[in-house]
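Engineer: next one to model:
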Amino acid sequence: MATLEIKDLHVTVEGENGPREILRGVNLTVKQGETHAIMGPNGSGKSTLAYSIAGHPKYTITQGAVTLDGEDVLAMTVDERARAGMFLAMQYPVEIPGVTVSNFLRTAATAIRGEAPKLRTWVKEVNEAMSNIQMDKAFAERNVNEGFSGGEKKRHEILQMELLKPRIAILDETDSGLDVDALKTVSEGVNRVRETGEVGTLLITHYTRILRYIKPDYVHVFSDGRIVESGGPELADKLESEGYQSYVVEAGA
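Structural biologist: Here you go, the predicted structure:
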């Protein structure tokens, strides 16, 4: 069973007046088959946590540890983290001109699986996954995210997740900018992967609406760069009715 363990993680980012601490001691364990929702106000450090785990060079780890099955994640390059089974669905997916979705997906699958998928079975696999996510098969020959709408970009992120079958999936505000129909479709894709029981999911969100479709096992409130409260799904209901204000006040006290 894959286990992502985060211990006392401190992270800084370079600012106008020098390094600024964003994460101030994050502790969290995500096991394969579990879904953890990280919720909190804008600017609380949720996305910093996602990108720090994934290895974004903008963020500097100053203290703490991140391990996957006991292996030091922070010592791995970004591609090594992906091959180890970690996946990040970005809040703002980037465009990759000159690289088709088809080539991108097959190259990624080859890196993860250790060998190129057989073309005949791969095409069938991609077509089925695109159908599941309600993505036009014509997108396979378009450049990655180039000219895609916000919803299409998010569908492509979940398409990657379905095909690459990660052990730990970090979804950074996947619900951002989605209308109700796109939110339902994307959530169904996430749930299909979750139902295999083979992925641990870290779902980062600002709103509770995605949790109507993706039911978390645990909910954590993030404020001022750390987890300030943890609970079950009922904690999300509390946040829906009361908001984050009390946590912001407590964190600043």
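Engineer: secondary structure class of Thr62, three-state.
Structural biologist: strand (DSSP: H, G, I helix; E, B strand; the rest coil).
Engineer: so what's the residue count around it?
Structural biologist: The tally of other residues near Thr62 (other CB atoms under 10 Å) stands at 12. To be clear about C-beta, it is placed using only N, CA and C from the backbone, and glycine gets the same treatment.
Engineer: that one against His10, yeah?
Structural biologist: Yes. Counting by CB atoms under 8 Å, Thr62 does reach His10; the two are 4.8 Å apart.
Engineer: any residues in contact with both of those two?
Structural biologist: By CB atoms under 8 Å, 6 or more residues apart in numbering, Thr62 and His10 have these common neighbours: Glu21.
Engineer: all helices for the protein, in order.
Structural biologist: 46-54, 78-83, 101-113, 119-132, 150-164, 180-194, 234-242, 245-252 (DSSP state H).
Engineer: which one of the ones you listed lies nearest to Thr205?
Structural biologist: Thr205 lies closest to helix 46-54 among the helices of the chain, at 8.1 Å (CB to CB).
Engineer: wait, Thr205 sits on Leu178?
Structural biologist: No. Taking CB under 8 Å as the definition, Thr205 is not a contact partner of Leu178, at 11.3 Å.
Engineer: follow-up on the earlier one: need the helices of the chain in JSON lines with distance to Ile227, can you?
Structural biologist: Listed next are the helices of the chain as JSON lines, based on distance: least, CB to CB, whole Å:
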{"stretch": "helix 46-54", "distance to Ile227": "9"}
{"stretch": "helix 78-83", "distance to Ile227": "22"}
{"stretch": "helix 101-113", "distance to Ile227": "30"}
{"stretch": "helix 119-132", "distance to Ile227": "33"}
{"stretch": "helix 150-164", "distance to Ile227": "24"}
{"stretch": "helix 180-194", "distance to Ile227": "22"}
{"stretch": "helix 234-242", "distance to Ile227": "11"}
{"stretch": "helix 245-252", "distance to Ile227": "10"}
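Engineer: just the ones you listed: most buried one?
Structural biologist: Comparing the helices of the chain on average neighbours per residue, with mean count of other CB atoms under 10 Å, the densest one is helix 46-54 at a mean of 23.
Engineer: before we move on, the earlier item: for the helices of the chain, which one sits closest to Gln32?
Structural biologist: helix 180-194 (10.6 Å).
Engineer: let's test this: mean pLDDT of the closest one, rounded?
Structural biologist: For helix 180-194, mean pLDDT is 94.
Engineer: what are the phi and psi values at Gly147?
Structural biologist: The phi and psi values for Gly147, taken as degrees, to the nearest 10, are phi 80, psi 10.
Engineer: in this protein, where is pLDDT below threshold?
Structural biologist: 249-253 (pLDDT under 70).
Engineer: hmm, who's touching stretch 138-152?
Structural biologist: 93-102, 104-105, 126, 130, 135, 153, 156, 176-179, 182, 186.
Engineer: then stretch 33-44?
Structural biologist: Contacts of stretch 33-44 (CB under 8 Å, 6+ apart): 1, 28, 30, 46, 49, 194, 197-206, 208, 211, 214-225, 227, 236, 239, 244, 247-248.
Engineer: got a PyMOL select line for the buried ones in those residues?
Structural biologist: Per 16 or more other CB atoms under 10 Å, the buried members of those correspond to this PyMOL selection:
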select buried, resi 28+30+46+49+194+199+200+201+202+203+204+205+206+208+211+214+216+218+219+220+221+222+223+224+225+227+236+239+244+247+248
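Engineer: which of the contacts of stretch 33-44 fall within strands?
Structural biologist: Counting by DSSP state E, the part of these found in strands is 28, 30, 200-205, 218-223, 227.
Engineer: which pair in these spans the largest distance?
Structural biologist: It's Gly200 and Ser223 that sit farthest apart of the ones in strands among the contacts of stretch 33-44, by CB to CB, at 23.2 Å.
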